[in-house]
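Asks: sequence first, predicted model second:
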Amino acid sequence: MAVIRVDDIAHVRFSAPDLAAMRGFLDDFGIIPFESGGRLYGKGRDGRPFLHVTQPGPARFLAVGLRARSLADLETLAASEGVAVEPLDAPGGGHIVRLTDPDGHGVEIVAGQANDPPALLAPAVLHNDAETKQRLRAVVALAPGPAHVCRIGHAVLKVRDFRTSEAWYKQRFGFLTSDEVEAAPDVPLGAFMRCDRGDLPADHHTLFLAQLPGPIGLLHAAFEVASLDDLMLGHQHLKARQREAAWGVGRHIMGSQVFDYWKDPFGNELEHWTDGDLFTAADPPRRMPMQALLAVQWGAPHPMFAGKRPPPPGLVAFVFSLFLRLKRLFSRQTKGMSA
Ligand SMILES: [Fe+2]
């Protein structure tokens, strides 16, 4: 039984030496930037006070924010952890509990923030497919410009030991596994985890914990945009602004979302996505092979496969060591069976 069940991701927090450079990127990425109390905040169109924070300092990822359902839940969590509930000194106010996960990532659980009404988006374009004609006597007339980021959807953390981190996050926040990813049968390297909202649908993943070679930290944070057209317009805009593309456009296998990854000026990777899967607490977890992580249903192959980005240092050794472990396990089992 988890201490509390979080409702969603709230924000990601970074530090960077040049807030103006970050602000320029947020503008191009379609997050609405504003400054308050010496920090740079980024807002979506969902009315929440912020989903991206940058404070002055060396370029690094600092924390992921999660949203508790109530102040009472925050108090339960704080009591269980032996820490205090603090007032949240940020736009929207509210309260916060600050924790540190097993890898030293900051985890900021918030509740009671004041929201604005959601911003109005342009009316959705009706689509005509072969069987269903929805748009009659009307044209498509899209306005060029940045995508419209509506909300933050998930964060991907690279961890030292997947099972340790999985237990830490599940015990405290009630995450459910949507897809566990295996390097080989019974050798897990991570899991896509969603919030437990009971009968209410939740994004296929709010958190993905991955045990991969290379330094630990944030692999990427992902933001839901208004629609597929919006995502493509955003792609075109970021390209015209000569921002650094990381991977996309394509449709993922796990989560099914259409994705488009970009790098901010400090090397942090941010994703635009749309049309992802939603599940309730009743949907069972799946086991998926590692290949499904970087393969696509359609679209751009991962840059590593396309030869545009070399494999991370240690990947070959990592995979090789997993297979050695498996081989030893298999030979022990075989000996055990024949004895
Ligand atoms: Fe993602």
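Replies: Here it is on my side, so go on.

Asks: drop to CA atoms for contacts and neighbour counts, all remaining ones
Replies: Fine.

Asks: name the nearest residue to Asp18, ignoring sequence neighbours.
Replies: Leaving aside its sequence neighbours, Asp18 sits nearest to Pro56 (Cα to Cα, 6 or more residues apart in numbering; 7.1 Å).

Asks: does that neighbour touch Ala16 like I think?
Replies: Yes. Using Cα atoms under 8 Å, Pro56 is in contact with Ala16, at 5.4 Å.

Asks: for stretch 11-29, list every residue counted as buried.
Replies: 11-16, 18-19, 22-23, 25-26, 28-29 (16 or more other Cα atoms under 10 Å).

Asks: start to end distance for it?
Replies: 16 Å (Cα to Cα, to the nearest Å).

Asks: what lies in contact with that stretch?
Replies: 32-33, 40, 42, 50-66, 146-147, 149, 152, 155, 221, 234, 237-238, 241, 264-266 (Cα atoms under 8 Å, 6 or more residues apart in numbering).

Asks: mind running it again at 6 Å?
Replies: With Cα atoms under 6 Å, 6 or more residues apart in numbering as the test, stretch 11-29 has contacts from 51-65, 146.

Asks: give me the phi and psi for the residue nearest to Val149 when sequence neighbours are not counted.
Replies: Nearest residue to Val149, sequence neighbours excluded (Cα to Cα, 6+ apart): Val225, at 4.4 Å. Here is the backbone geometry of Val225 (degrees, to the nearest 10): phi -100, psi 170.

Asks: next, the contact list for Val225, please.
Replies: Counted by Cα under 6 Å, 6+ apart, Val225 has contacts His148, Val149, Cys150, Thr274.

Asks: buried among those? Make that a ChimeraX selection.
Replies: Remark: buried members of the contacts of Val225, expressed as a ChimeraX selection using 16+ other Cα under 10 Å:
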select :148,149,150,274
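
Asks: that older thread, which one of the contacts of stretch 11-29 is nearest to Leu212?
Replies: Phe61 (17.5 Å; Cα to Cα).

Asks: so that closest one belongs to a helix, correct?
Replies: No. Phe61 is assigned strand when assessed by DSSP: H, G, I helix; E, B strand; the rest coil, not a helix.

Asks: re the thing from before, ok, now how distant is the residue nearest to Val149 from Phe34?
Replies: 19 Å.

Asks: so, low pLDDT: which residues of the chain?
Replies: Along the chain, segments meeting pLDDT under 70 span 305-339.

Asks: could I get the full set of helices for it?
Replies: 19-29, 71-81, 162-173, 228-240, 291-294, 315-338 (DSSP state H).

Asks: show me what the second one is in contact with.
Replies: Translated: helix 71-81. Ala84, Ala111.

Asks: as CSV, could you dump the C-alpha coordinates of that helix?
Replies: The C-alpha coordinates for helix 71-81 follow below in CSV (Å, rounded to 0.1, in the frame of the first residue of the first chain):
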residue,chain,number,x,y,z
LEU,A,71,-2.8,19.1,1.4
ALA,A,72,-3.9,16.2,3.7
ASP,A,73,-2.0,13.8,1.4
LEU,A,74,1.1,16.1,1.6
GLU,A,75,0.9,15.9,5.4
THR,A,76,0.6,12.2,5.3
LEU,A,77,3.7,11.9,3.1
ALA,A,78,5.7,14.4,5.2
ALA,A,79,4.9,12.5,8.4
SER,A,80,5.9,9.2,6.8
GLU,A,81,9.2,10.8,5.6
